[in-house]
Structures are given as C-alpha cells and as structure tokens.
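Chemist: Take this sequence and fold it.
(one chain, ligands or ions: 2)
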Amino acid sequence: MEKSPTQLKLESVAKTYANPEGGASLPVLTDVNLEVRRNESIAVIGPSGSGKSTLLNIIGALDRPTAGKIFLENENLLSFEEKQLAAIRNQKIGFIFQDHHLLPQCTVLENVLVPTIIHPAANTSACLKRAKELLDRVGLSDRFHYKPARLSGGERQRVAYVRALINQPILLLADEPTGALDRDNAIRLMELLTEINKDRGLTSIIVTHAVDLVKNLDRVYELKNGCLYENALHRGGSRTAPT
Ligand SMILES: Nc1ncnc2c1ncn2[C@@H]1O[C@H](COP(=O)(O)OP(=O)(O)OP(=O)(O)O)[C@@H](O)[C@H]1O
Ligand SMILES: [Mg+2]
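Modeler: Ligands and ions are numbered 1, 2, ... in the order given. Next up is the predicted model:
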C-alpha cells in the first residue's frame, strides 16, 4: 500500500538553554531527527529531564530550536514570524498539557470554544455543534455547563482534549496527558485518544512516562542523550494509514 504523505519532519534539531547567570549552557537536544506521516500516532518516552517537553514545545512552535529544521506539511516553521506561528498554532496544532490548563471561571463548553474565538474562519454555530458532538463523544454530554472545579481529573483532561481538537488541527501534541490520572482513567484517555485521532486522520505525538499505555500507537521513540531512538521492540503499527 502507498504510504501517506509526511506531515512532520525534524532535521538535526538541537536545543541548548543558555545559563542566565553566565555559567555553562545546557544542551538538552543535540541531534533529533524524526519523520511522521499523516494519521500516524507516535509516543515519546524518556526519563524526567531528558527533554521531552522541550521537544514538544519546539515541534508546536512554542519555542525555537538552537539549530535544525522543522517542517509541518513541507513548510519550514522556522521561516515564519511570530504572528504567523500564532496562527499556525491556533489553526493547525492542538495541544494537551499535563495539567489541563482549563480556565476555572469558564464552563466546559466555554473552555472548549476558547480557541475558536481567534480562528479567522470560525463559524459560531458550526463550532458550537462540533463542541457538543466532541464532548458527547468523550462522554461529557451532561457536563456542558459545569466549571472545571466540579469535574474529576479524567473529565478535565477530556475537556482539554476536546479543546485541542475544536479547530480541527492536523497535528495533536500531548505532553503527559495522563500524568495526573489514575491507571484506569489513564488507560481510558489513551484509548479515546487513539480511537478519535485515527478517525479524524490526525497525526499525534504523545509524550508519556507510562510505557504500558502506548501499545496502540504506531511507533515508540525514546529520548536519550539528546537524540531520539526508535524502540524496535514495539509491536504497534497494526493500524493502516490512509493514502
Ligand atoms: N526554559 C528553560 N530554561 C533553562 N533550562 C530549561 C528550561 N526548560 C527546561 N530546561 C531544562 O532542560 C532539561 C529538559 O527539560 P524538559 O522539561 O524538556 O524535560 P522532560 O523530559 O519534559 O522532563 P519531565 O519528564 O520531568 O517533564 C531539564 O534539565 C530542564 O531543567
Ligand atoms: Mg516534561
């Protein structure tokens, strides 16, 4: 079968944090290379401090690398100015953070709709319909008007997930989305992520500590000594990507 097109490509990406006190700078990523095709889901694992969040922030254009190139749909992200990057983040990339980052004063539905406010082509009634459909899909149809304080940790993460999907991104980046959840809720969220991402043709990169949660993903990479290594033992990849 023909392979689906490359969605994301990283070439020799490096990141060194400068030391503001003038001491030695900290090289976190030294030579990261990665190619992810449309509709693939990959996991990035690695010990605390290995640079997983740094890598995800760079892929999501929240931070810039010290060296290297990043292509999203064949366009070099580093060639854009901040204003264009903000539009790309809003329209093409969905983020889920370890800590859900929901607005406490807003309801579930309002939180989900926040990214649509600045999307130039957003149609209010279509967005509302999509928000309700997605919330229903993740089992939250009876929580539209709850504020985050009244939700469980797993429910909050599902709201954050729907918010990440609301503008129909092409790339989903999740930084330890199950980090604050118990095992059962973590398994349920990962199942939802893989199922819905696959249905929507999303390319996803999921950072996790939990090696046992990644069995349904296509590939697993380990971040070690500043480089990404594919885990050859991973038996995922049974999913077929569309051409
Ligand atoms: N803004 C920053 N300035 C300076 N150093 C940083 C900055 N962000 C991260 N670091 C350092 O870079 C290294 C990698 O951090 P990063 O947050 O990417 O690790 P991680 O793999 O996500 O860890 P964890 O699993 O604990 O979330 C750490 O040593 C950290 O102290
Ligand atoms: Mg991290």
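Chemist: Near ligand 2, which residues of this protein? Just list them.
Modeler: Contact residues (C-beta under 5 Å from the ion) of the chain with ligand 2: 52-53. All C-beta spots, glycine's among them, are computed from the backbone N, C-alpha and C.
Chemist: shaky segments in the chain?
Modeler: Where the chain drops to pLDDT under 70, the residues are 1, 235-243.
Chemist: where does it come near ligand 1, residue by residue?
Modeler: Contacts of the chain with ligand 1, taken as C-beta under 6 Å from any ligand atom, map to 17, 26, 28, 46, 48-54.
Chemist: List the residues that contact D142.
Modeler: Shown in contact with D142 (C-beta atoms under 8 Å, 6 or more residues apart in numbering): no residues.
Chemist: Okay, it and D31: tell me how far apart.
Modeler: Distance of D142 to D31, given as C-beta to C-beta, to the nearest Å: 49 Å.
Chemist: what do you get for A174?
Modeler: Taken as C-beta to C-beta, the span from A174 to D31 is 24 Å.
Chemist: of these two, who's got more company?
Modeler: A174 (28 against 15; other C-beta atoms under 10 Å).
Chemist: Sheet-wise, list the partners of the strand or helix carrying the more buried one with their directions.
Modeler: For A174, the element it lies in under DSSP states H and E is strand 171-175. Looking at strand 171-175 with DSSP bridges, its partner strands are strand 93-96 (parallel), strand 203-207 (parallel).
Chemist: neighbouring contacts of it?
Modeler: Contact with strand 171-175 is made by 7-8, 52-53, 56, 59-60, 72, 92-98, 161, 164-165, 193, 197, 202-207, as judged by C-beta under 8 Å, 6+ apart.
Chemist: For H100, the count of nearby residues, please.
Modeler: 20.
Chemist: need the contact list for the residue of the chain found nearest ligand 2.
Modeler: Residue nearest to ligand 2 within the chain (C-beta to the ion): S53, separated by 3.2 Å. Neighbouring residues of S53 by C-beta under 8 Å, 6+ apart: 175, 207.
Chemist: So for the chain, which residue is the most central one in space?
Modeler: In the chain, the residue lying closest to the centroid (C-alpha atoms, centre = their mean) is L173, at 0.9 Å.
Chemist: what sits opposite it in the beta ladder?
Modeler: Under DSSP bridges, the beta-bridge partners of L173 are F95, I205.
Chemist: Please report how far it lies from R64.
Modeler: 16 Å.
Chemist: A186 falls within a strand, correct?
Modeler: No: under DSSP: H, G, I helix; E, B strand; the rest coil, A186 sits outside any strand and is assigned helix.
Chemist: dump the residue contacts of it.
Modeler: 178, 210, 213.
Chemist: Tell me the most packed of those residues, by neighbour count.
Modeler: Neighbour-wise, the contacts of A186 (other C-beta under 10 Å) top out at T178, 25 neighbours.
Chemist: leaving aside the residues next to it on the chain, what's closest to that one?
Modeler: Distance criterion C-beta to C-beta, 6 or more residues apart in numbering; nearest residue to T178, sequence neighbours excluded, is A186 at 3.6 Å.
Chemist: Distance check, that neighbour against Q7.
Modeler: 26 Å.
Chemist: try H119
Modeler: 20 Å.
Chemist: more neighbours, those two?
Modeler: Q7 (20 against 15).
Chemist: and the more buried one, what helix or strand is that in?
Modeler: Short version: Q7 belongs to strand 6-17, going by DSSP H and E.
Chemist: Now do the very next helix or strand once past that strand against strand 6-17, angle only.
Modeler: Per DSSP H and E, strand 6-17 leads on to strand 26-37 as the next helix or strand towards the C-terminus. Inter-element angle recorded for strand 26-37 and strand 6-17: 180 degrees (by axes from the mean of the first three to the mean of the last three C-alpha atoms, to 10 degrees).
Chemist: Tell me which other helices or strands strand 26-37 touches.
Modeler: Helices and strands touching strand 26-37, as assessed by 3 or more C-beta pairs under 8 Å, 6 or more residues apart in numbering; DSSP states H and E, comprise strand 6-17, helix 52-59, strand 203-207, strand 227-230.
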